[in-house]
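Participant: Here is my input; please provide its structure:
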Amino acid sequence: MSRTTSTYAPDAHVDDHDEYDDGYADDKFDDGDVDDRGRPPRTRRGRRPVRGTRKLLGTIAAIVLVIAGGVVAYTTPLMSVRSISVSGESAVDPASIVAASRIALGTPLLQVDTRPAAQRIAAIPRVKSVRVTRSYPSGIDIDVVERVAVAFVIRDGASHLIDVTGVDFASQKQLPPVPRMTIADPSPSDRATLAALKVVSELPDVLRRQVIEIGAQSAADVRMTLRDRRTVVWGDADRTADKARTLMYLLPRDGTSFNVSSPEYPTFR
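Facilitator: I've put the predicted structure just below:
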């Protein structure tokens, strides 16, 4: 059994190259040696290690397999859409949500572009937000959040529902169980509209059920009317919990008008 060792001697002669001994003793010839044809014999060259080459080939093979797998998943029906589930809907028909997504069954899952699908669903007026996700290996999940009416306005003989952001998202013939907004032309860009909607959305349920009208001349002058026709000056949209607590304390008292814009110093008459 032979071993290759490296030895360093300070006084020895060292050639300026790497030397590889493959264990073949017959590879050394005198300068005068020739073969049977009269030619100098060839010396056996050292063989290069192949470990690095094998590692490179293995890496290339792995990359090819990953690319091939991606191509198969992207172009074949092995991972295609077989089901579309909708959650979070209440007033919106799930079938209309699926139709708006324009995602066809049988489409390879990786070819489904979820962003445009979500944008199309979000165009439904009642949908406040939506999330569309791939559910591997063969599903699409659609999760929607619907708008909730906090007030309404009467337009063209119909009740138009308005959410907390001021969006008019639906209309109906019957009166909804939310306060009527007295602002003539409410809009999402009107500060008075947003202040009134914020107040009514943050009221405790027991108090909100008593409010039949809400309006504002400005963002600092929110006012409401109760079912018994008593009126409330609310002020701005800040400190709703404190103002509600003060108003609930005052309501049993005699009075037709209450001012809780400063909850520490309320007035009534």
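
Participant: Tell me which helix or strand comes right after the one helix or strand K55 maps to.
Facilitator: Secondary structure from DSSP states H and E places K55 in helix 51-75. Using DSSP H and E, the next helix or strand after helix 51-75 towards the C-terminus is strand 83-87.

Participant: Give the buried residues for the next helix or strand after that following strand.
Facilitator: Downstream of strand 83-87, the next assigned helix or strand under DSSP H and E is helix 94-101. Neighbour-count burial for helix 94-101, counted by 16 or more other CB atoms under 10 Å, picks out I97, V98, A100, S101. C-beta coordinates here come from the backbone N, C-alpha and C atoms, glycine included.

Participant: Excluding residues flanking it in the chain, which one is nearest S83?
Facilitator: In space, and not counting its chain neighbours, S83 is closest to G139: 4.8 Å by CB to CB, 6 or more residues apart in numbering.

Participant: Export the buried residues of helix 94-101 as TSV, with columns for distance to V233 and pLDDT.
Facilitator: As requested, the buried residues of helix 94-101 are exported to TSV (distance: CB to CB, whole Å; pLDDT from 0 to 100):
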residue	distance to V233	pLDDT
I97	43	98
V98	48	97
A100	44	97
S101	47	97
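
Participant: So A104 versus R120, what's the distance?
Facilitator: Distance of A104 to R120, given as CB to CB, to the nearest Å: 13 Å.

Participant: Look at the two and report which has more neighbours.
Facilitator: R120 (17 against 10; other CB atoms under 10 Å).

Participant: Quick check: what element follows whatever helix or strand the more buried one lives in along the chain?
Facilitator: For R120, the host element (DSSP H and E) is helix 114-122. Per DSSP H and E, helix 114-122 leads on to strand 127-135 as the next helix or strand towards the C-terminus.

Participant: so that following strand versus strand 83-87, what angle?
Facilitator: 140 degrees (axes from the mean of the first three to the mean of the last three CA atoms, to 10 degrees).

Participant: Now do the buried residues in whichever helix or strand comes after strand 127-135.
Facilitator: Using DSSP H and E, the next helix or strand after strand 127-135 towards the C-terminus is strand 139-146. Applying a neighbour-count criterion of 16+ other CB under 10 Å, one finds I140, I142, V144, E146 buried in strand 139-146.

Participant: Cheers, nothing more for now.
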